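Asker: Need a 3D model of the following:
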Amino acid sequence: MLDTPYIKPLLKENRPIWIMGVHDVLSAKIAEKAGYDAVGVQSLQMGFVNGQPDTGVIPPTELLDTVRKIRRSIDLPIMIDFEQGFGDVYAAVHWLHEFERAGASALHIDDCGMLYKCVFCPPHVPTLETMESTAEKIRALVGERFNEDFMIFGRASSYACTAFQSEDERRADWVRRSLAYKEAGSDAIFAIAPSIEHAEYFRSQIEGPMVIIRTLGTTMKKKEDRLEYDNRLMEASVDDLFKLGYQLQCEPSTLLGVAANTMMKAALRERKSGRMIDLEEEHGNLYDILNNWMNVPEVLRIRETYCDR
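Answerer: Coordinates of the predicted model:
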């Protein structure tokens with residue numbers, strides 16, 4: 001097992017901890033080189049790269065394999081999307097230990113109910129798991145983790161659920177659940193805040209570290225088929241959100257969305273012109289680019305050290 005770096009010690013530095021979403025070794029290396037503090041592997045990315053919506057069809061073994069590959073390739077902490085714990089309390093502990101052995105550093109567990117588990121995949125989550133069942137899993141995860149530095153983030157999904165009739169009802173449910181998850185031992189509360197006003201209110205209700213999430217391309221555009229954030233929240237910098245009291249900030253799908261869009265544009269451009277050379281002017285020599293991200297120096301070192309020819 002490789003040495004695992006953790007997020008928890010970074011909190012002592014009293015600065016924003018920026019967790020960039022990744023989906024494979026390449027994107028993780030890019031995030032590390034760009035200077036992010038940690039990487040996050042969420043169910044949204046795992047579904048995307050497998051051509052599936054984020055509805056729980058990708059098994060935890062797929063995520064586990066991705067974490068192992070990333071762990072042996074970068075030195076940053078890895079946060080994972082633990083969804084609802086992948087089963088009952090025992091199953092949650094089983095998968096916790098598997099991910100700890102694989103080199104994960106933190107997880108967030110939510111209470112989204114069936115049938116729809118993704119807050120961006122319409123229709124929104126119609127139900128939630130019971131607060132008690134999620135709190136039980138959090139207590140078990142905290143009690144059974146191998147290392148105290150492995151962080152558990154509890155996430156109330158009240159703002160992804162369509163069951164509430166009013167904002168007051170929804171807000172009260174979020175506070176009730178978040179306080180319960182904090183009492184169960186969560187190291188930080190993970191907030192889905194649709195606006196700056198929500199972020200400020202959530203912060204006023206919870207003591208201790210908090211995580212906030214924003215997703216590229218979800219600025220409010222009067223669409224009712226997905227969760228969206230208001231402009232002020234999306235325009236806020238990581239420093240702005242830190243001043244609001246959010247020590248950890250998660251950005252799940254930026255790199256993957258940009259990569260997919262860039263690849264599509266490049267493919268269409270070459271298909272239209274029929275000339276591969278058109279892309280080289282903008283993107284450079286393929287081998288030079290790949291050498292930056294593949295472990296070529298290590299291959300050369302081993303060959304030169306141990307091979308006579």
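
Asker: Please count neighbours and contacts with C-alpha atoms only from this point.
Answerer: OK.

Asker: could you show me where the helices are in the chain, in order?
Answerer: Assigned by DSSP state H, the chain shows helices spanning 25-34, 43-49, 60-71, 89-102, 131-144, 167-183, 196-205, 231-235, 238-243, 254-273, 277-283, 286-293, 296-306.

Asker: pLDDT weak spots in the stretch 151-300 of the chain?
Answerer: Counting by pLDDT under 70, the stretch 151-300 of the chain has low-confidence residues at 217-227.

Asker: Identify the bridge partners of residue 18.
Answerer: Residues in a beta bridge with residue 18, per DSSP bridges, are residue 249.

Asker: still on that earlier bit, looking at the helices of the chain, spot the one closest to residue 113.
Answerer: Taking Cα to Cα, helix 131-144 is the member of these nearest to residue 113, at 10.8 Å.

Asker: Give the buried residues for the closest one.
Answerer: In terms of neighbour count (16 or more other Cα atoms under 10 Å), helix 131-144 has its buried residues at 131, 134-142.

Asker: and what of stretch 145-153?
Answerer: For stretch 145-153, by 16+ other Cα under 10 Å, it's 145, 149-153.

Asker: Of those residues, which belong to strands?
Answerer: Among the buried residues of stretch 145-153, the members falling in strands (DSSP state E) are 151-153.

Asker: out of the buried residues of stretch 145-153, who's nearest residue 109?
Answerer: Nearest to residue 109 among these, with distances taken as Cα to Cα, is residue 153, at 6.3 Å.

Asker: Residues in contact with stretch 88-104: which ones?
Answerer: Defining contact as Cα atoms under 8 Å, 6 or more residues apart in numbering, one finds that stretch 88-104 is touched by 1-4, 60, 64, 67-68, 71, 77-80, 85-86, 136-137, 140-141, 144-146.

Asker: in stretch 23-35, what's buried?
Answerer: For stretch 23-35, by 16+ other Cα under 10 Å, it's 23-32.

Asker: Quick one: the buried residues of stretch 145-153 as a markdown table, columns for distance to residue 164 too.
Answerer: Shown next, in a markdown table, are the buried residues of stretch 145-153 (distance: Cα to Cα, whole Å):
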| residue | distance to residue 164 |
| --- | --- |
| 145 | 34 |
| 149 | 36 |
| 150 | 34 |
| 151 | 30 |
| 152 | 27 |
| 153 | 24 |
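
Asker: Please work out how many residues are found near residue 292.
Answerer: 12 (other Cα atoms under 10 Å).

Asker: With residue 69 instead?
Answerer: With other Cα under 10 Å as criterion, residue 69 counts 15.

Asker: circling back to that earlier point, nearest to residue 18, of the helices of the chain?
Answerer: Going by Cα to Cα, the one of these nearest residue 18 is helix 238-243, 7.6 Å.

Asker: What is the distance between the closest one and the centre of its chain?
Answerer: Using Cα atoms, centre = their mean, to the nearest Å, the mean C-alpha position of helix 238-243 is found 18 Å from that of the whole chain.

Asker: who are the neighbours of that helix, in terms of helices and strands?
Answerer: Contacts defined by 3 or more Cα pairs under 8 Å, 6 or more residues apart in numbering; DSSP states H and E place helix 238-243 against no helix or strand at all.

Asker: what comes into contact with it?
Answerer: Under the criterion Cα under 8 Å, 6+ apart, residues 15-16, 18, 247-249 lie in contact with helix 238-243.

Asker: List only those of those residues flagged as buried.
Answerer: For the contacts of helix 238-243, a burial check counting by 16+ other Cα under 10 Å picks out 16, 18, 247-249.

Asker: Looking at those residues, which is nearest residue 279?
Answerer: Using Cα to Cα, residue 18 comes nearest to residue 279 of those, at 32.2 Å.

Asker: Now for residue 53, how many residues are close by?
Answerer: 19.

Asker: Give me the phi and psi angles of it.
Answerer: phi -70, psi 160 (degrees, to the nearest 10).

Asker: For it, give its distance to residue 47.
Answerer: 5 Å (Cα to Cα, to the nearest Å).

Asker: Then residue 166?
Answerer: Taken as Cα to Cα, the span from residue 166 to residue 47 is 32 Å.

Asker: Settle it for me: which of these two has more neighbours?
Answerer: Legend: neighbour count by other Cα under 10 Å for residue 166 and residue 47, higher for residue 47 (19 against 8).

Asker: got a markdown table for the contacts of helix 238-243, with distance to residue 270 too?
Answerer: Listed next are those as a markdown table, based on distance: Cα to Cα, whole Å:
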| residue | distance to residue 270 |
| --- | --- |
| 15 | 44 |
| 16 | 41 |
| 18 | 36 |
| 247 | 44 |
| 248 | 40 |
| 249 | 37 |
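
Asker: Cool, thanks, signing off.
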